[in-house]
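>>> Have a look at this prediction, sequence included:
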Amino acid sequence: MRIVVMPIILACIVFSWADSWGKDFLGAPVMPGGKTISSQESRLEKMYDIGYQDVLKYYQDAFKDQENVKFWDRKKETYIEDHNSRDWHSITITDHPEGTRVVLIEDSWTWIISMLFFRFMAVFAVLLALYIAMSLSGMVLSRFAANAAEKK
Amino acid sequence: MTVNEILNMFYGIIYSTGIFSIGWKMAVMWAIGSTFIYLAIVKQFEPLLLLPIGFGIFIVNFPLVPLMGFTPEGRPELLQVFYRYGLEWEIIPCVIFLGLGAMTDFGALIANPKVLLIGAGAQLGVFVTFVGTILAGFTLKEAASVSIIGGADGPTTIYLTQHLAPQLLGANALAAYSYMAMVPLIQPPIMRLLTTAKERKIRMKQLRPVSQTEKIIYPIVTAGIIAILVPAVMPLMGMFMLGNLMKESGVVGRLTETAQGSLMNIVTIFLGLSVGATMNAEKFLSAKPLFIFGLGLISFAICTIGGIVTVKVMNLFLKDKINPLIGSAGVSAVPMAARVSQMVGMKYDKTNYLLMHAIGPNLAGVIGSAAAAGMLIAMFS
């Protein structure tokens, strides 16, 4: 009896560990299988020899009921971004010649700060564009008005 | 009729009133509502909005009142109708912008377009407070909606909040309008702190006269640029510029009059009541509104700083210097912030009239806060 039960228990322990390791990176789901290209504390890169659409489907299902997770559909790539305050920031799924590549990135302040900085600069850019447009139109109209006054 | 039957009738009458369902949280909300009514009537703080908001808070926080819920048949009740079709559908903020456009004279901004940059600099607080809001435990969308309070633009705050975090609508709107009312209290100390006596006395060149043609072209050009660069806020800016075009064209006097008068007044009533009605005791009495008021104040103060610092930086490159006191007007709050610039300036030089110069950045602030809101909306869409 012990000979039968022990391997089962051991197998359960091993598989449950492997399963949990394979399904989670900083709280983000990781599709089981595939080959790990690089694994760091803040970044995990995996390559799957299955189709891009299948991998995408896995992540779409994984985040089906989650409100603050945004999918950005790019050409041959899907960028998934977390808008909650979780430890992971993004998952990028790319249709690669060798298969489907998935890169998971840790959330960081660098992203938030740089994103805010660029958006603040973008506000400047919008108002600068208005400034240029208004200066130009003002210049042209003043010249017209001056010419009209001269003719009179 | 037996005594029991009489008692049952009596109980029926008693239980159909709200007496037994009153809780302490409701009493707190009555006090909050009454405070805003008091501020509106006695202190005249933004009375057009704080009065209906205060009354909205007051009346929805009674038990069994059929105002903000749904009937058993599923029909929305009175204030729920106002809220749903006015705010949830984002109609009211846009109609208010139409009215504001019909009341606005962009002459000061057209005459001196470089002050547009002050309106951009004054959005600093929006982006800085975003970080603090995340640290306070809000989600990214909530952080965006709270930080826009610093832009001091009520309709923009409501529009953005409704888009990203409708659960914070009541607190955000209330904080935005409260700080708009408190501009004369919040800004002067910051203005004095960041400027020297010499800077406060800078006299600015008189603004050039602006032709009617320029005033007519301005809303069309601005609408086009905003539509291309920040399409997310076109519902607001499109209406704003339409209102202004109606006014400046001079050919639709009746429409202009309606937009800046009756229509504006009607939607203001619905806006105030609907915002107040969202402030249900169960949702409102938590730590979040306190954080929102605190972070909103910080955002507003940093926006004021951003406007003044932008002027100082611009002065490094300009031959004709700008008085940095008009930098504080880069927050929206039209025309209150411009008046504050004039008031503080007059304290140091009684013959230095800054009002017309301050109106420019003030209007730039409206566009700047809308652009900032657009950037934040685009982040999540």
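Happy to help now that I have it.

>>> show me where pLDDT drops low in the chain?
Because you didn't say which chain, this covers chain A. Scanning chain A with the threshold set as pLDDT under 70 gives A:1-23.

>>> where exactly do the strands run in it?
Secondary structure of chain A by DSSP state E: the strands cover A:24-25, A:28-29, A:35-39, A:43-48, A:69-74, A:77-82, A:88-96, A:99-106.

>>> Next, format those strands as CSV and append distance to B:Y353.
No exception for glycine: its C-beta is placed from N, CA and C like everyone else's. Shown next, in CSV, are the strands of chain A (distance: least, C-beta to C-beta, whole Å):
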stretch, distance to B:Y353
strand A:24-25, 62
strand A:28-29, 59
strand A:35-39, 65
strand A:43-48, 59
strand A:69-74, 50
strand A:77-82, 50
strand A:88-96, 51
strand A:99-106, 55
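
>>> Nearest to B:V366, out of those strands?
Nearest to B:V366 among those is strand A:69-74; the distance by C-beta to C-beta comes to 28.9 Å.

>>> what does the closest one contact?
A:Q60, A:F63, A:T78, A:Y79, A:I80, A:E81, A:D82, A:H83, A:N84, B:F380 (C-beta atoms under 8 Å, 6 or more residues apart in numbering or on different chains).

>>> Which of those are buried, as a ChimeraX select command?
In ChimeraX syntax, the buried subset of those is picked out as below (16 or more other C-beta atoms under 10 Å in any protein chain shown):
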select /A:63,78,80,81,82,83
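
>>> and which of the contacts of strand A:69-74 is nearest B:M356?
Using C-beta to C-beta, these come closest to B:M356 at B:F380, 38.4 Å.

>>> Tell me the spacing between the closest one and A:R101.
26 Å (C-beta to C-beta, to the nearest Å).

>>> Over to A:A146?
Counting by C-beta to C-beta - A:A146 and A:R101 are separated by 63 Å.

>>> next one: B:P189
55 Å.

>>> the more surrounded of those two?
The residue with more neighbours, out of B:P189 and A:R101, is A:R101; 20 against 12, by other C-beta atoms under 10 Å in any protein chain shown.

>>> what's across from the more buried one in the sheet?
Listed by DSSP bridges, the beta-bridge partners for A:R101 are A:M47, A:T94.

>>> hmm, back to that, would you mind putting the contacts of strand A:69-74 into JSON lines with distance to A:V30 alongside?
Below are these laid out as JSON lines (distance: C-beta to C-beta, whole Å):
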{"residue": "A:Q60", "distance to A:V30": "15"}
{"residue": "A:F63", "distance to A:V30": "13"}
{"residue": "A:T78", "distance to A:V30": "15"}
{"residue": "A:Y79", "distance to A:V30": "17"}
{"residue": "A:I80", "distance to A:V30": "12"}
{"residue": "A:E81", "distance to A:V30": "17"}
{"residue": "A:D82", "distance to A:V30": "14"}
{"residue": "A:H83", "distance to A:V30": "20"}
{"residue": "A:N84", "distance to A:V30": "18"}
{"residue": "B:F380", "distance to A:V30": "25"}
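
>>> Can you check which helix is longest in the chain?
Let's take chain A. helix A:109-151 (DSSP state H).

>>> ah, no, chain B please
Longest helix in chain B, counting by DSSP H: helix B:287-317.

>>> what's the domain layout of the chain?
Reading this off chain A. Listed domain ranges for chain A are A:21-107, A:108-152 (source: automatic domain parsing).

>>> sorry, should have said chain B
Split by automatic domain parsing, chain B gives B:21-61, B:79-280+B:289-380.

>>> right, and these - which one's nearest A:S39?
Of the domains of chain B, nearest to A:S39 by C-beta to C-beta is domain B:79-280+B:289-380, at 27.0 Å.

>>> thought B:A175 was touching B:I148?
No - taking C-beta atoms under 8 Å as the definition, B:A175 is not a contact partner of B:I148, at 10.4 Å.

>>> Tell me which of these two has more neighbours.
Ranked by neighbour count (other C-beta under 10 Å), B:A175 and B:I148 place B:I148 first, with 32 against 24.

>>> how near is that one to chain A?
Distance of B:I148 to chain A, given as C-beta to the nearest C-beta, to the nearest Å: 12 Å.
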